[in-house]
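Novice: mind looking at a prediction? Sequence and model below.
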Amino acid sequence: MSVVSEPGVGVPVLSLRELSVLLPVRPGDIFRSRSVPVLNGVSLDVHAGEIFCLVGESGAGKTTLLDVILGFCVVQKGTIRFRGRQVEQGRGPGRLQLNRNTQVVFQDPVASLSPFRPLGRSIVEPLQARGADRAEMRKTVRQLCRRMQIPRSLLRRRPSQVSAGQAQKICIARALSTAPDLLLLDEPLSALDNPACQETTMLLCRLQREYGLTCLLVSHDLRLVRAMATTVAVLYLGRIVEQGPADSFFERPAHPYSRALLSSALVPGLWPGQRIVLEGEMPSPLNAPAGCPFHPRCPERYSRCSRMPPPLRHVRPNHFVRCHRAGQGSSVQTATGHIAELECCEQLRSSQRPC
Amino acid sequence: MRPLLQVENLEVVFPGPGQGTPVLDCLDLALHPREILGLVGESGCGKSVLARTLLRLEAPARIVAGSIRLAGVELTGRSRRQMRSIRGRWITLAIQNPDGAMDPLYPMARQFREVYAPAPGTFTWRKEKTAWQEHLFRRLREVGIGSPEERCRQYPHQWSRGMLQRAQLVMVFAARPRVVILDEITSALDSTVTLQILGLIRRLRRQYGSAIILITHDLAVAGEICDRIAVMCRGRIVEHGPAPEVLARPKHPYTGMLVDGCRPGTDPSAGMV
């Protein structure tokens, strides 16, 4: 059973099915090692022109997921498909396609720029790696500077001489220089101050509209997710616990953890109801709880939650949740502060469809 | 009501060519008893330098003018020896990265033993070990650290960031100081853990009656628990007032920009794709 796209919307740019990653750990004793699941059956589709946001706290597995897509991490189970073509472990035509047509914007802009190159040369690094000629590189830099309003004087400076916000702008320009099919963004705002965050958010929204970018955004910053996302998925301890269209997610999050996340974001207007304060912290994968991984912290847990992992349930069009409560007649607080009855569940339509 | 901590015309410079680089410029600040004052500003505006200066740990920077009065006592002229008896008892500081403040080679019990000093007249570690431990475990349970007996045998790297911040809070509130400065203690934490720590700060203020300066770059965090907010820009306080006032009706354009940055990042001309 997996979360699949509606039929008829074309081949997804990126498709992950039942991805499981085990990492070896040696707790204490050097002669014994265990494998802990860092990702556990993750499935998602990113369609052309979509901004897919993966939300979660530290320890959820977001960075591991990006590592898997970029080929830095070996996958034990599951498949990755790029434009319908399977991507193999190690080298291969599928991996080559993915690498050539994907660009990344990293979390720390100053650290991801070469200190030896002026910023103008950093923008064309990917083009240079492909053997583009100088005329093409100059033209690309001119176009990008015009589109993104980067002053020419900035191009001569080095990463240490500019602010984090300006450096991130250059990193975004570098990522767009090859017109990638897929743009991966790993917490692009976390190293920036609030004013730079807002500016960069608006820039990303504008570029996405103008270029029709397909993005996979990993972030814990719900302000950015609210501004950019078309689809939101929430990751907890290596599993996707909720996934749905952004409007549906922000209006009525179905999973108790999603509600707690929106409440704790402290963004005005995102959660006008009473604050939900969870107990404890996300456990380590070494001590994953039995049954539902969230149940020790869940304010709505009951007896079944500690015994059985919850099935994936379909609560609204294209909106799925992994929770025993979904489909029961319990009332919950929604984003608008009203008390609403949870929707009745339907059986997941894709259980009748081939995966 | 007379302020508990009064800063007037404070000028601090870093050593440099000529007069030095000014980092705090004619800074005025007042903290009243039992109040939570939010000090908000972008990185580089001098918030942490101000925090260290209030504890007279500003070196290598230098105070060149101004006064800091804590409960009527002038701190700028104090000697190092005098400040050592004031720090910890009257005024304390908690920092953003508690794991950097802990010695990685020793278990947590040893970290607490080094710094946790309950008010004079109670017990010290050497004289009454069991009573001291019981007192510490009770404090740890109060801040939400379960099974403290086992936890104190662990090393700092085995405690999560949220737990280390709770440990730091136990340390700074131990001697019931009149003023506690919290320098970006939630900035490195996840949002759900931040909400827990903010609730804990409110509870500790009620329990110990200390006045708190909460330093943060995030105006939303300040708006959550602070009674008053002071906005800092390039070494000066540009605006201050009751928290709801400052957030709803910012007077200074810089404050207005910070308030706008808190709202959901929507481009008015953009639509969802």
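Specialist: Arrived safely. Please read these numbers as outputs of a predicted model, since none were measured by experiment. Numbering: from 1, shown residues only, chains lettered A, B, ... in the order given.
Novice: mind listing the helices for the stretch 1-150 of chain B?
Specialist: In the stretch 1-150 of chain B, the helices defined using DSSP state H, counting those that start in this stretch lie at B:47-54, B:80-86, B:98-101, B:108-115, B:129-142, B:148-151.
Novice: please disregard the earlier target; I meant the stretch 1-150 of chain A.
Specialist: Under DSSP H, counting those that start in this stretch, the stretch 1-150 of chain A gives helices at A:62-70, A:93-100, A:119-123, A:125-129, A:134-148.
Novice: list the buried residues of stretch B:14-25.
Specialist: B:Pro22, B:Val23, B:Leu24, B:Asp25 (16 or more other Cβ atoms under 10 Å in any protein chain shown). Heads up, the C-betas are built off the backbone N, CA and C, glycines and all.
Novice: sketch out the low-pLDDT regions of the stretch 1-150 of chain A for me.
Specialist: A:1-9, A:26-33 (pLDDT under 70).
Novice: which positions in it make contact with chain B?
Specialist: When proximity is defined as Cβ under 8 Å from any Cβ of the partner chain, the stretch 1-150 of chain A approaches chain B at A:Gly49, A:Glu50, A:Ile51, A:Glu57, A:Ser58.
Novice: check contacts around the fourth one.
Specialist: If a contact means Cβ atoms under 8 Å, 6 or more residues apart in numbering or on different chains, then A:Glu57 has A:His220, A:Leu261, A:Met282, B:Asp190, B:Ser191, B:Thr192, B:Val193 as its contacts.
Novice: among the residues you listed, which lie within helices?
Specialist: Under the assignment DSSP state H, those contribute A:Leu261, B:Ser191, B:Thr192, B:Val193 to helices.
Novice: for the residues you listed, which single residue is the most surrounded?
Specialist: Greatest neighbour count in the ones in helices among the contacts of A:Glu57, by other Cβ atoms under 10 Å in any protein chain shown, goes to A:Leu261: 27 neighbours.
Novice: roughly how far does that one sit from A:His255?
Specialist: A:Leu261 sits 9 Å away from A:His255, going by Cβ to Cβ, to the nearest Å.
Novice: give me the common contacts of the two.
Specialist: A:Val234.
Novice: can you tell me the closest non-neighbouring residue to residue 220?
Specialist: All of this is about chain A. Nearest non-adjacent residue to A:His220, counting by Cβ to Cβ, 6 or more residues apart in numbering or on different chains: A:Glu57, 6.1 Å away.
Novice: look at chain B instead
Specialist: Spatial nearest neighbour of B:Ala220, excluding adjacent residues (Cβ to Cβ, 6+ apart): A:Leu266 at 4.0 Å.
Novice: pretty sure that neighbour is touching B:Val221, no?
Specialist: Yes: using Cβ atoms under 8 Å, A:Leu266 is in contact with B:Val221, at 6.3 Å.
Novice: so what's in contact with those two at the same time?
Specialist: Listed contacts common to A:Leu266 and B:Val221 are B:Thr194; contacts here mean Cβ under 8 Å, 6+ apart.
Novice: now stretch B:50-70: buried residues?
Specialist: Buried residues in stretch B:50-70 (16+ other Cβ under 10 Å): B:50-56, B:58, B:61, B:63, B:66, B:68-70.
Novice: now A:Glu18: closest residue in space that isn't a chain neighbour?
Specialist: Leaving aside its sequence neighbours, A:Glu18 sits nearest to A:Gly78 (Cβ to Cβ, 6+ apart; 4.2 Å).
Novice: quick one, what contacts that neighbour?
Specialist: Counting by Cβ under 8 Å, 6+ apart, A:Gly78 has contacts A:Leu16, A:Arg17, A:Glu18, A:Leu19, A:Ser20, A:Gly41, A:Val42, A:Ser43.
Novice: I'd assumed A:Pro12 was in contact with the last one.
Specialist: No: using Cβ under 8 Å, A:Ser43 makes no contact with A:Pro12, being 11.2 Å away.
Novice: scan chain A for its longest helix.
Specialist: When chain A is scanned for its longest helix (criterion: DSSP H), the result is helix A:194-211.
Novice: how about B:Ile185, secondary structure?
Specialist: coil (DSSP: H, G, I helix; E, B strand; the rest coil).
Novice: surely it and B:Gln96 touch.
Specialist: Yes: with contact defined as Cβ under 8 Å, B:Ile185 and B:Gln96 form a contacting pair (6.2 Å).
Novice: ok, what's across the strand from B:Ile237?
Specialist: B:Met232 (DSSP bridges).
Novice: strands of the chain, start to end?
Specialist: No chain in the question, so chain A it is. Residue ranges of the strands in chain A, as given by DSSP state E, are A:14-25, A:34-46, A:51-55, A:77-82, A:85-86, A:102-105, A:182-186, A:215-219, A:231-236, A:239-245, A:312-316, A:319-322, A:331-333, A:339-341.
Novice: I was after chain B.
Specialist: Per DSSP E, chain B carries strands over the ranges B:5-14, B:21-31, B:36-40, B:62-70, B:73-74, B:91-94, B:179-183, B:211-216, B:228-233, B:236-242.
Novice: how about these in a markdown table, adding mean pLDDT?
Specialist: A markdown table is the format used below for the strands of chain B (pLDDT from 0 to 100):
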| stretch | mean pLDDT |
| --- | --- |
| strand B:5-14 | 94 |
| strand B:21-31 | 93 |
| strand B:36-40 | 95 |
| strand B:62-70 | 93 |
| strand B:73-74 | 92 |
| strand B:91-94 | 93 |
| strand B:179-183 | 95 |
| strand B:211-216 | 95 |
| strand B:228-233 | 95 |
| strand B:236-242 | 94 |
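Novice: closest one to A:Thr231 among these?
Specialist: strand B:211-216 (31.6 Å; Cβ to Cβ).
Novice: mind saving the C-alpha coords of that closest one as CSV?
Specialist: What follows is strand B:211-216, C-alpha atoms only, in CSV (Å, rounded to 0.1, in the frame of the first residue of the first chain):
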residue,chain,number,x,y,z
ALA,B,211,13.3,38.9,36.3
ILE,B,212,14.2,37.4,32.9
ILE,B,213,15.8,38.9,29.8
LEU,B,214,15.0,36.7,26.8
ILE,B,215,17.4,37.4,23.9
THR,B,216,16.2,36.1,20.5
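Novice: neighbouring strands for that strand, and are they parallel or not?
Specialist: Sheet pairing of strand B:211-216 (DSSP bridges) gives strand B:36-40 (parallel), strand B:179-183 (parallel).
Novice: CA atoms only for the first one, dumped as CSV, please.
Specialist: Once non-C-alpha atoms are left out, strand B:36-40 reads as follows in CSV (Å, rounded to 0.1, in the frame of the first residue of the first chain):
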residue,chain,number,x,y,z
ILE,B,36,10.1,38.9,31.2
LEU,B,37,11.8,41.4,28.8
GLY,B,38,12.4,40.3,25.2
LEU,B,39,15.5,41.6,23.6
VAL,B,40,15.0,41.2,19.8
